[in-house]
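> Would you be able to build a 3D model of this:
(2 chains)
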Amino acid sequence: MKQDIILAGVGGQGILSIATVIGSAALTEGLYLKQAEVHGMSQRGGDVQSTLRLSSEPIMSDLVPKGGADCIVSMEPMEALRYLPWLKKDGWIITSTAPFVNIPNYPPIEKIMEKLESLPHLVALDADAMAKDAGSPRSANMVLLGAVAAKLDILQPEALREGIRRVFGRKGEAIVEANLKAFDAGFEKSM
Amino acid sequence: MAPKQLLLGDEALALGALHAGLTGVYAYPGTPSTEITEYIQGHPLTRERGVHCAWSANEKTAMEEALGVSYAGKRALVCFKHVGLNVAADAFMGSAMTGANGGLVIASCDDPSMHSSQNEQDSRFYGAFAMMPVFEPSSQQEAYEMMGEAFDYSEKRGIPVLMRMVTRLSHSRAIVETREDIREQNALAFPKNPRQWVTLPVNAKVRNEALVKDYLVFEEDAVESKFNWLKDAPDHSLGIIACGLGYNYLMENYPDGCPYPVLKISQYPFPRALAVKLASMCKTILVIEEGQPLVEDRLRGVFQSGITVKGRLDGTLPRTGELTPDAVRAALGLPETKGLDPCDIVAPRPPALCQGCGHRDFYTALNNVLKDYPTARVFSDIGCYTLGWLAPFHAFHTCVEMGASLTMSQGAAFSGVWPSVAVIGDSTFTHSGMTGLLDAVNGNADVTLCISDNLTTGMTGGQDSAGTGRLEAICAGIGVDPAHIRTIVPLPKNYPEMEQTIREELEYHGVSVIICRRECIQTFRRHAKK
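Prediction:
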């Protein structure tokens, strides 16, 4: 089994924490994994993406071929649309609906939502609000991870919950619990 | 079972070095190489063994410090981005002449597609240029293992080894199996060939002859290397040479095995004997290599050989930019894979200076002043502040390489440009700006140097900056008149004072330095959290 994910967002939004949790879970579950990240200049408020490949067999390329991604996970609705050529025809888009506007020519949000809603497999969540409701306003990324757990089957939700415990464990039990709550909110909303 | 860890390519390389008995890492930050040194800085073995891991002032000093470690018989790793090798080149070329005593590995991280760089240069050319062996890992696991091999090889053949990395390996994570036996560090041991370390012509001529012969031995080693191999397959209508990461993109397209013979190369000098063997089977050869067409160009030559060579030079693969599985797929003549159609409402989102960044306030004040000086030209440099060329600031006219701001501003001032303003960051100033300032003082150049000091090396994520807290003293020590070393704090409320200071120093016809100092907003936030 093999699943490819594209993580998208704007520099500083925390897409790499999603990748870290998935990576930790993959390691424990004995899966192969390759995850290409963007560091350096492009991180400064520009668009960022990370490709995450999970497989029960060895993986060759660090990059996902066009039309190969099972899922695009985006912290931002316009960024979700940037990577459509990499998405399989029946792939999922899991995105936060809160726009991050730091450019003058950001398109009207209605147009973005209209395009997103025209796609066959969409989970659009107000991840910021859901994270706030879960008592962890900075955990919008874990809300999205919960949604990923609902749509991808290569990793079981409990393996990802364990991943959250390991990755955030150093920061204390309260942070772990808040992140798990955000994860569960995203998971339940997307089932 | 060997321990498994999830590591970036950079981290795998760093851990491989630590496990191979590293005595010191010497580096200047630069994307995509920075994480090698950062990983070593944070590793418990570094503290336990007292491994040197502080940042160097620039790549040349790093290279020389490491060469000193090698002279003393111990193992050293040098790290920088590809253009850092230009800065280190004098020492790098010299190190091939001295040879290595303790294992010496230079990790140069290339950035094809220029994600965070000003050019696409391919470090492998430097290996051939210096007559030095090059290792080119194709996976995180190989990066880990090759470090130990490279140190052993360096000591066995008495030559530094260039470890060529690329962005897609440096910044991609995978699971790496690590050794449990961790090698001890070397003991102090002086070179057996002391004359070789004094490169007077009388010695260097002898060494040059020896190195030329050694280079042939390195090539024989490359032919025999376990990292280079030729695998036959039934279909001889095409033969493929896949270098480093190129091999991964090839195999991505043939999950059940490549139907054509493949020569995989991860160790140089280019093993010509293996290529000849491939050419005896296949009349058409496709070269898949990341970066510039080094192997392809060597295969092509000038005269017709009856062998057709395909690659980046004939358009089979794109001439520039990093490889992708899709580009390699097209080169193999396989049908294109397609996802959804691109969405035309998506707007580009270029990187920008952070909100609250001091460089913003500095550029705002500078622009306000320069409105009154339409003939002014601003020469900038490499760092976060290079983003000030973009909207809304459009704040300067040139940016070339580390340190070029101040020196170019002098040439322009001499040629009649006034006002001639240089803009440099604090870390870039101590990297390559100080000698240029000495030139300015000695020539009494009519230039205004603005050091936008954020107390860190910002663009690469906030590493220590070599001159923090001492910039005024450095400038005065170099000979700038202390009356024309001014310090301002870049904040909106200070615009009137900042503009007044800039104006006064523009009107002074000599060397003036304006130090514009406020901590990087990113490191400030990190410090505030602690």
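
> residues near B:Lys213, how many?
8 (other Cβ atoms under 10 Å in any protein chain shown). From N, CA and C alone the C-beta is placed, and that goes for glycine too.

> Can I take it that it is in a helix?
Yes - using DSSP: H, G, I helix; E, B strand; the rest coil, the assignment for B:Lys213 is a helix.

> Same question for stretch B:456-467: list its buried residues.
For stretch B:456-467, a neighbour-count test (16 or more other Cβ atoms under 10 Å in any protein chain shown) marks B:456-463, B:465-467 as buried.

> can you tell me the residue of the stretch 401-530 of chain B closest to chain A?
B:Met459 (6.2 Å; Cβ to the nearest Cβ).

> correct me, but that residue touches B:Thr34?
No - applying Cβ atoms under 8 Å, one finds B:Met459 not in contact with B:Thr34, separated by 9.6 Å.

> center of chain A - which residue?
Centrality entry for chain A: nearest residue to the mean C-alpha point is A:Val73, 3.6 Å, by Cα atoms, centre = their mean.

> Check the gap between that one and chain B for me.
As judged by Cβ to the nearest Cβ, to the nearest Å, A:Val73 and chain B stand 15 Å apart.

> Contacts only, for that residue.
Contact analysis of A:Val73 by Cβ atoms under 8 Å, 6 or more residues apart in numbering or on different chains lists A:5-8, A:15, A:18, A:94-95, A:144-145, A:147-148.

> Include pLDDT and distance to A:Glu162 when you put the buried residues of stretch B:456-467 into CSV, please.
Output for those, formatted as CSV (pLDDT from 0 to 100; distance: Cβ to Cβ, whole Å):
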residue, pLDDT, distance to A:Glu162
B:Thr456, 96, 36
B:Thr457, 94, 37
B:Gly458, 92, 36
B:Met459, 90, 36
B:Thr460, 92, 33
B:Gly461, 89, 29
B:Gly462, 92, 31
B:Gln463, 95, 33
B:Ser465, 96, 40
B:Ala466, 96, 43
B:Gly467, 96, 46
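
> Quick check: the farthest pair among the residues you listed?
B:Gly461 and B:Gly467 (18.6 Å; Cβ to Cβ).

> what about the residue located most distally from the centre of chain A, which SS state?
Relative to the centre of chain A, and counting by Cα atoms, centre = their mean, the farthest-placed residue is A:Pro104 at 25.7 Å. Following three-state DSSP, we place A:Pro104 in the coil state.

> Touching, B:Lys310 and B:Lys283? I think so.
No - with contact defined as Cβ under 8 Å, B:Lys310 does not reach B:Lys283; the gap is 11.5 Å.

> more neighbours, the two?
Using other Cβ under 10 Å as the criterion, B:Lys310 and B:Lys283 rank with B:Lys310 on top: 18 against 14.

> Write down the beta-bridge partners of that one, one by one.
Going by DSSP bridges, B:Lys310 is paired in beta bridges with B:Leu286.

> For it, give me its contacts.
B:Lys310 makes contact with B:284-287, B:316-317, B:331 under the criterion Cβ under 8 Å, 6+ apart.

> Pick out the most distant pair among these.
Longest span within the contacts of B:Lys310, Cβ to Cβ: B:Thr284 and B:Leu317, 14.2 Å.

> And these two? Which one has more around it.
B:Leu317 (24 against 15).
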